[in-house]
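Visitor: here you go, sequence then predicted model.
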Amino acid sequence: MGGARGTAVQILTGWMNKFKKARDMVEILWILGVIIVVLIAAQGMVALYGTLRRTINDVQRRNLVVDLMRHRVGAAQRNRAELEQSAHTWQGYRKFEVKRKVDEGGGICSFYLVPHDQKAIPWFKPGQYLTFELHLQHQSKPLIRCYSLSDSPDNPHYRVTIKRIPPPRDNPQAPPGLVSSHFHEQINEGDILDVKAPAGHFFLDMSADAPVVLIGGGVGITPMLSMLNAIAQSDSTRETWFFYGVRNSDEHIMAEHLKQLNIQHDHIHLHVCYSDPRDGIDQSDLHYHHAARVSVDLMRRVLPSNNYDFFICGPPPMMAALTSDLDTWGVPSSRVHYESFGPATVKKLRAPEKRAEGIETFDVTFTQSSKTCQWDPEADSLLDFAEMNDVAIDFGCRAGNCGTCLTAIRSGDIEYTTEPGFETEEGSCLACICIPKGPLELHA
């Protein structure tokens, strides 16, 4: 009996060992199976990730290609439009009719001009200006004035926006601006004006995508509006910041238009500055964003960096301060662009030499007027010197932009005190922004 029982125990123990080994084997196989499944899943995920990555890269490449194609098509369309429109440009003066006259408030009016001959008008570069020849009563000769275009080039009209220049604050008895008053008081819808083709070196390159900062002070908003409207009406998503400075809502023109551009275009950022908001009338965030003047300090707080092209138009003190502070901020002068009409300018190439004892003097001869005068270093320009000596030289902008004061040089040489905005032919000069280097003969 004992032997049988021992044999049975041995058999049972053997079976149990076999079962345990089998169970261990199953567990091992199950673990191996799990590992295999995990490896297969991981391999599948890697393959899926690679596929997704390739798909994403393909989509991004296609989007880049589409964007590039869109940009090239847009540039080609603009170039084509420029070429087509350039066929309609003109030399000298052309008759334009005042189609609409709109009071913008703040002593500012907009004039919408269409060609009297009903032919097409050339496309212009946003920021350029028109030159007008005006025949006023009691004036012995026509007056020439330049006014910036204030709308997008993609219109069947030209628009200029003109402020009636009041008497100086320090001399309120002085008469207001002669030509600006003439526009406001005498020019009406249906009137005909003599206009030169758009011109000027201050403009926004619409074929570029570099981010820009547009700065307008007072009526200096006009070329900025042209640039801003051109960006808004194009298919560009060019990052654009617009700083507009006025005293208060009395001077804040086209407020609703600017607000809508800011709302409708994510890439356009509007910052309106009131230097003297009126209590109880002008409300922050409703009428303006900053109770301050436009300044580089404000831009340093608002802008992500200084890596922009800056376009400035406004009162000379404002432009002088901004250009100086932008230089201090490290913005290269090549990225600071400005427009200035009038004798006060920003970027002087050199200051005219002032009279000093022992300085060598020389003669300036005006051949048509038969006058020879000793050059006065106190004169800011040849135009000023001519006026000091009762020599008539036609002029318009007095800032080297319009070309009206172009004068032939018979002999001698000149140098410019301000960068010219008008291209001159060899042997001539812009009398409003140059001085003689030595003895000089002018055909004037």
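Guide: The structure has been received and is ready for your questions.

Visitor: the residue lying closest to residue 247 once chain neighbours are set aside: how many residues sit nearby?
Guide: Of all residues not flanking residue 247 in the chain, residue 276 sits nearest, at 4.6 Å (C-beta to C-beta, 6 or more residues apart in numbering). Every residue, glycine included, has its C-beta placed from N, CA and C. The tally of other residues near residue 276 (other C-beta atoms under 10 Å) stands at 12.

Visitor: swap in the one 5 residues further on?
Guide: The burial count assigned to residue 281 is 10, neighbours taken as other C-beta under 10 Å.

Visitor: and the one 4 residues further on, by the same measure?
Guide: By the other C-beta under 10 Å criterion, the neighbourhood of residue 285 contains 7 residues.

Visitor: so how far is residue 276 from it?
Guide: 17 Å (C-beta to C-beta, to the nearest Å).

Visitor: ok, now how distant is the residue nearest to residue 247 from residue 221?
Guide: Going from residue 276 to residue 221 by C-beta to C-beta gives 17 Å.

Visitor: again with residue 372
Guide: For residue 372 relative to residue 221 (C-beta to C-beta), the value is 46 Å.

Visitor: between those two, which has more neighbouring residues?
Guide: residue 221 (30 against 13).

Visitor: looks to me like that one is in a helix.
Guide: Yes: applying DSSP: H, G, I helix; E, B strand; the rest coil, one finds residue 221 inside a helix.

Visitor: for the remainder of this discussion, apply numbering that starts at 695.
Guide: In the new numbering, first residue 695, that becomes residue 915.

Visitor: hang on, it packs against residue 945?
Guide: No: counting by C-beta atoms under 8 Å, residue 915 sits too far from residue 945 to count as a contact (9.7 Å).

Visitor: now the helices for the stretch 895-1044 of the chain?
Guide: Per DSSP state H, counting those that start in this stretch, the stretch 895-1044 of the chain carries helices over the ranges 915-927, 949-958, 990-996, 1010-1022.

Visitor: single out the most deeply packed of those.
Guide: helix 915-927 (a mean of 24; mean count of other C-beta atoms under 10 Å).

Visitor: quick check: angle from it to helix 949-958?
Guide: Angle of helix 915-927 versus helix 949-958, following axes from the mean of the first three to the mean of the last three C-alpha atoms, to 10 degrees, is 30 degrees.

Visitor: center of this structure - which residue?
Guide: residue 1005 (4.4 Å; C-alpha atoms, centre = their mean).

Visitor: which residues does that one bridge with?
Guide: When assigned by DSSP bridges, residue 1005 has beta-bridge partners residue 908, residue 1031.

Visitor: let me know whether it touches residue 915 as I believe.
Guide: No: contact criterion C-beta under 8 Å: residue 1005 and residue 915 do not qualify, at 11.6 Å.

Visitor: where in the stretch 695-844 of the chain is pLDDT low?
Guide: Applying pLDDT under 70 to the stretch 695-844 of the chain flags residues 695-720, 757-782.

Visitor: right, and residue 847 touches residue 820 too?
Guide: Yes: under the criterion of C-beta under 8 Å, residue 847 makes contact with residue 820 at 6.3 Å.

Visitor: overlap in contacts, those two.
Guide: Common contacts of residue 847 and residue 820 (C-beta atoms under 8 Å, 6 or more residues apart in numbering): 920, 924.

Visitor: tell me the contacts of the nearest residue to residue 952 once chain neighbours are set aside?
Guide: Excluding the flanking residues, the one nearest residue 952 by C-beta to C-beta, 6+ apart is residue 964, at 5.8 Å. Contacts for residue 964 (C-beta under 8 Å, 6+ apart) come out as 936, 938, 952, 953, 955, 956, 983.

Visitor: ok, what's across the strand from residue 964?
Guide: Residue 964 forms beta bridges with residue 936, as assigned by DSSP bridges.

Visitor: so which residues of the stretch 745-894 of the chain form strands?
Guide: Secondary structure of the stretch 745-894 of the chain (DSSP state E, counting those that start in this stretch): strands at 788-799, 802-809, 823-828, 837-842, 852-857, 886-889.

Visitor: minimum distance to residue 1098: which of those strands has it?
Guide: When these are compared by C-beta to C-beta, strand 837-842 sits nearest residue 1098, at 4.5 Å.

Visitor: for that closest one, packing partners?
Guide: The contact analysis (3 or more C-beta pairs under 8 Å, 6 or more residues apart in numbering; DSSP states H and E) places strand 837-842 against strand 823-828, strand 852-857, helix 872-880, helix 915-927.

Visitor: may I see these organised as TSV, with distance to residue 804 added?
Guide: What follows is the helices and strands packed on strand 837-842, written out as TSV (distance: least, C-beta to C-beta, whole Å):
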stretch	distance to residue 804
strand 823-828	13
strand 852-857	5
helix 872-880	11
helix 915-927	9
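
Visitor: surely residue 914 meets residue 1005?
Guide: No: under the criterion of C-beta under 8 Å, residue 914 makes no contact with residue 1005, lying 10.4 Å away.

Visitor: on that earlier part again, so which of residue 847 and residue 820 has more stuff around it?
Guide: residue 820 (27 against 24).

Visitor: quick check on that one: phi, psi?
Guide: Backbone torsions of residue 820, given as degrees, to the nearest 10, read phi -60, psi 120.

Visitor: from residue 805, how far off is it?
Guide: For residue 820, the distance to residue 805 - C-beta to C-beta - is 18 Å.

Visitor: same thing with residue 1059?
Guide: With C-beta to C-beta as the criterion, residue 1059 and residue 805 are 42 Å apart.

Visitor: higher neighbour count, these two?
Guide: Using other C-beta under 10 Å as the criterion, residue 1059 and residue 805 rank with residue 805 on top: 27 against 17.

Visitor: surely that one and residue 795 touch.
Guide: Yes: assessed by C-beta under 8 Å, residue 805 is found in contact with residue 795 at 5.7 Å.

Visitor: what number of residues are in the vicinity of the closest residue in space to residue 852 that isn't next to it in sequence?
Guide: Nearest residue to residue 852 in three dimensions, chain neighbours excluded: residue 807, at 4.5 Å (C-beta to C-beta, 6+ apart). Per other C-beta under 10 Å, the neighbour tally for residue 807 reads 21.

Visitor: and residue 807, how far from residue 881?
Guide: For residue 807, the distance to residue 881 - C-beta to C-beta - is 10 Å.

Visitor: now for the two: what residues contact both?
Guide: With C-beta under 8 Å, 6+ apart as the test, residue 807 and residue 881 both reach 792, 887.

Visitor: care to break the protein down by domain?
Guide: Following automatic domain parsing, the chain resolves into domains at 788-889, 906-1033, 1057-1136.

Visitor: of all the ones you listed, which lies closest to residue 736?
Guide: Closest approach to residue 736 among the domains of the chain is made by domain 906-1033 (41.1 Å; C-beta to C-beta).
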